[in-house]
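[1] Let's see this in three dimensions:
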Amino acid sequence: MQLGVITTVAFMFFLYIPQGIMDPEEFADICIKGLKNMLFPLVMVVAAYSFASGAEQIGFMEYVIELAVQNVTPQMLPITIFFVLGITEFIMGLSWGMYVIAFQIAIPLALKMGVNPAIVIGAVTSAGVWGSHVCFYSDATILTSAATGCDNFQHAITQAPFGLVAVALSAIAFLISGFVFV
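    Prediction:
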């Protein structure tokens with residue numbers, strides 16, 4: 001990502017300066033202002049990665065999944081994975097960290113229980129999106145609020161109703177899928 005940012009800034013410099021859109025001093029000032037605006041979000045993202053790493057090291061995800069599936073039938077596995085991982089993602093706040101851990105557990109578990117892996121992959125992915133978008137300290141929420149200049153917590157509150165509608169519809173779909181396609 002760092003190389004991408006540096007390449008983009010260099011490209012924009014060579015695009016804006018020759019066209020006279022801004023002078024080099026103004027461009028440097030805007031770059032510094034942008035770095036200042038993104039400093040807090042970057043610290044929060046690093047903290048979220050640290051939290052996800054710590055959760056992985058103590059086996060949090062494996063423990064939560066194992067606890068949830070002890071008495072789960074194959075028909076209920078998709079919706080159980082959806083809810084357990086959605087709540088876990090809300091707590092962790094970092095969807096990519098959850099995906100890395102969860103796919104390695106959920107897919108073999110689905111195959112072992114005779115559940116269609118495509119439905120389980122959908123449940124894991126949907127859980128990550130849901131948990132990430134309703135969590136006020138997730139990477140998606142932090143970067144979106146920083147980029148738009150709005151308060152991080154307020155942004156999370158405004159997207160919560162939409163997230164809850166999506167959760168309800170997804171839960172119904174995973175419940176039906178569990179009984180129809182398993």
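
[2] name the helices or strands packed onto the helix or strand bottoming out on mean pLDDT in the chain?
    Least confident helix or strand of the chain, by mean pLDDT, DSSP states H and E, is helix 60-69 with a mean of 73. Applying 3 or more C-beta pairs under 8 Å, 6 or more residues apart in numbering; DSSP states H and E, one finds that helix 60-69 contacts helix 77-92, helix 95-113. Heads up, the C-betas are built off the backbone N, CA and C, glycines and all.

[3] how much does the biggest helix by length in the chain deviate in direction from helix 77-92?
    Selection of the longest helix in the chain by residue count, based on DSSP state H, yields helix 24-57. In terms of direction (axes from the mean of the first three to the mean of the last three C-alpha atoms, to 10 degrees), helix 24-57 departs from helix 77-92 by 120 degrees.

[4] other SSEs contacting helix 24-57?
    Using 3+ C-beta pairs under 8 Å, 6+ apart, helix 24-57 sits against helix 2-19, helix 77-92, helix 95-113, helix 139-148.

[5] could you redo the last one with a cut-off of 6 Å?
    Using 3 or more C-beta pairs under 6 Å, 6 or more residues apart in numbering; DSSP states H and E, the elements in contact with helix 24-57 are helix 139-148.

[6] coming back round to it: CSV please, covering the helices and strands packed on helix 60-69 and showing mean neighbour count, distance to Ala166 and mean pLDDT.
    Listed next are these as CSV, based on neighbours: other C-beta atoms under 10 Å; distance: least, C-beta to C-beta, whole Å; pLDDT from 0 to 100:
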stretch, mean neighbour count, distance to Ala166, mean pLDDT
helix 77-92, 23, 10, 89
helix 95-113, 18, 14, 80
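
[7] Which among those helices is found nearest to Tyr49?
    Tyr49 lies closest, by C-beta to C-beta, to one member of the helices and strands packed on helix 60-69: helix 95-113, at 6.8 Å.

[8] tell me the angle of that closest one relative to helix 24-57?
    Angle, helix 95-113 to helix 24-57, by the same axes, to 10 degrees: 30 degrees.

[9] after helix 95-113 comes which helix or strand?
    Using DSSP states H and E, the helix or strand that follows helix 95-113 in sequence is helix 117-134.

[10] buried residues in that next one?
    Neighbour-count burial for helix 117-134 flags 119-134 (criterion: 16 or more other C-beta atoms under 10 Å).

[11] wait, doesn't Ile119 sit right on Leu77?
    No: counting by C-beta atoms under 6 Å, Ile119 stays clear of Leu77, with 8.3 Å between them.

[12] Nearest to Ile87, out of the buried residues of helix 117-134: which one, please.
    Nearest to Ile87 among the buried residues of helix 117-134 is Gly131, at 6.9 Å by C-beta to C-beta.
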